[in-house]
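Asks: Sequence and predicted structure below; questions after.
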Amino acid sequence: MRSTDQVRRLIQLVPYLTQHPGVTVTEVAHDFQTTPAVILRDLEVIQFCGMPGGLTDDLFDVDIEGVRADGEIYLYNSDVLARPMTLTAGQAASLMVALGALVELGSDAAASARAKLSEACGQAGNGIEVTLTAGDEETRRVLTRACEDRRVVRIEHEGTGGRAVVEVEPARLRVVDGTTYLDAWSRLRDAWRSFRMDRIRAVVMCDEAAPPREGLEEATGSWFADSERRVELSLRPGAAWVAEYYPTHSVEADVTGLKVVLPVGSRDWLVSLLLRLGEDVVIVSDGEAVTEAAARAREALRAYESSKG
């Protein structure tokens, strides 16, 4: 059983049980197209779910022993779900923006929720628009399905070096600064890569199932999230891959090759990137990072020479 399947079922179970007090485990299993044993495991998880705070009164309450004895389910402390939600204007605007991003990624449920929220907000909600650089709608649909079904796809991707057709194993779609990226395992590079959706020209779903892969979070890293800090790099043609692999604020041609502006989540990440680029990076706007990278390079060279002696 995949954890995503259980999460979806738990989200549906709580309101279902609230509306059907005394329903039997067998009936729930039938309605959710699963087994009674799976429902019992879900109930054990629900006991530790609830509202923020984590105190006893914040959690949903299920009498598991009673369920096992007579088969009937009663969910307590879930009345908060029936209360009308009150949002400040700022909270409503933030929620509208978030839902708008999901709509751009092809979520029908988000579109329905956003329409209802917009109606509740009146004219204030009508003025909120979200535009993402997300690529073709059919491409998003195919890749979303590939992520959910763990299927291999063949994509035609346009990078700085021209167009290339590669096989990848999609993991997820996500948005950074209004641009949608596909995180996928590249079979060509044998590593995780991030592809800008607006540079994917075609996609074909393959029959092959994608095997489990680890290290996605480490590869894409927390630096990938929104960051106010930026660095400007002037790169030689040999480092053009930087503009394709990492999220960018801007990319333009200059006399050296490319001028790229990147978000920076940590100094260590930037220093490591500079060491990796070596002579392929000509100008760096962060002088302190250059100094630290040079110091690390000298230290590594001294350690190497000492090991030879």
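Replies: Noted; the coordinates are in hand.
Asks: where does residue 282 land in three-state SS?
Replies: strand (DSSP: H, G, I helix; E, B strand; the rest coil).
Asks: so it touches residue 238, yeah?
Replies: No: judged on Cβ atoms under 8 Å, residue 282 makes no contact with residue 238 at a distance of 11.2 Å. The C-beta positions use only the backbone N, C-alpha and C, and glycine is treated the same way.
Asks: Compare the two (neighbour count), which wins?
Replies: Using other Cβ atoms under 10 Å as the criterion, residue 282 and residue 238 rank with residue 282 on top: 16 against 12.
Asks: Quickly note the distance from the more buried one to residue 77.
Replies: Residue 282 is 61 Å from residue 77, where distance means Cβ to Cβ, to the nearest Å.
Asks: Confidence-wise, which helix or strand of this structure is lowest on average?
Replies: Least confident helix or strand, the chain: helix 123-126 with a mean of 47, by mean pLDDT, DSSP states H and E.
Asks: mind listing the strands in the stretch 201-309 of the chain by residue range?
Replies: Assigned by DSSP state E, counting those that start in this stretch, the strands in the stretch 201-309 of the chain fall at 230-235, 250-253, 258-263, 281-284.
Asks: Out of these, flag the one nearest residue 59.
Replies: Evaluated over the strands of the stretch 201-309 of the chain, closeness to residue 59 peaks at strand 258-263, with 37.6 Å, by Cβ to Cβ.
Asks: other SSEs contacting that closest one?
Replies: Using 3 or more Cβ pairs under 8 Å, 6 or more residues apart in numbering; DSSP states H and E, the elements in contact with strand 258-263 are strand 230-235, helix 241-245, strand 250-253.
Asks: same for the first one, what does it pack against?
Replies: It stands for strand 230-235. Packing partners of strand 230-235 (3+ Cβ pairs under 8 Å, 6+ apart): helix 241-245, strand 258-263, helix 267-277, strand 281-284.
Asks: Out of those, which is closest to residue 208?
Replies: Nearest to residue 208 among those is helix 241-245 (24.3 Å), distances taken as Cβ to Cβ.
Asks: per-residue confidence averaged over stretch 21-35?
Replies: Over the span of stretch 21-35, the pLDDT mean works out to 89.
Asks: Return the set of buried residues in that stretch.
Replies: Buried residues in stretch 21-35, counted by 16 or more other Cβ atoms under 10 Å: 23, 24, 25, 27, 28, 29, 34.
Asks: is it fair to say residue 48 lies in a strand?
Replies: No: the assignment for residue 48 (three-state DSSP) gives coil, which keeps it out of a strand.
Asks: Now do whichever helix in the chain runs longest against helix 267-277, angle only.
Replies: Counting by DSSP state H, the longest helix found in the chain is helix 287-308. Orientation check (axes from the mean of the first three to the mean of the last three Cα atoms, to 10 degrees): helix 287-308 against helix 267-277 gives 60 degrees.
Asks: Residues contacting helix 287-308, please?
Replies: Outside helix 287-308, the residues that touch it by Cβ atoms under 8 Å, 6 or more residues apart in numbering are 231, 267, 270, 271, 274, 275, 284.
Asks: ok so, going back, pipe the helices and strands packed on strand 230-235 into JSON lines and attach distance to residue 191 per row.
Replies: JSON lines is the format used below for those (distance: least, Cβ to Cβ, whole Å):
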{"stretch": "helix 241-245", "distance to residue 191": "10"}
{"stretch": "strand 258-263", "distance to residue 191": "19"}
{"stretch": "helix 267-277", "distance to residue 191": "13"}
{"stretch": "strand 281-284", "distance to residue 191": "21"}
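Asks: for the ones you listed, which one sits closest to residue 164?
Replies: Here helix 241-245 is closest among the helices and strands packed on strand 230-235 (Cβ to Cβ), at 10.0 Å.
Asks: where does the stretch 201-309 of the chain have low pLDDT?
Replies: For the stretch 201-309 of the chain, the stretches with pLDDT under 70 are 217-228, 265-266, 304, 307-309.
Asks: where exactly do the helices run in the stretch 1-150 of the chain?
Replies: Shown for the stretch 1-150 of the chain, the helices assigned by DSSP state H, counting those that start in this stretch span residues 3-19, 25-31, 36-46, 64-70, 89-104, 108-121, 123-126, 137-149.
Asks: Compare the mean pLDDT across these and name the weakest.
Replies: Of all these, mean pLDDT reaches its minimum on helix 123-126 (a mean of 47).
Asks: Surely residue 281 touches residue 235?
Replies: Yes: using Cβ under 8 Å as the test, residue 281 is close enough to residue 235 to be in contact (5.7 Å).
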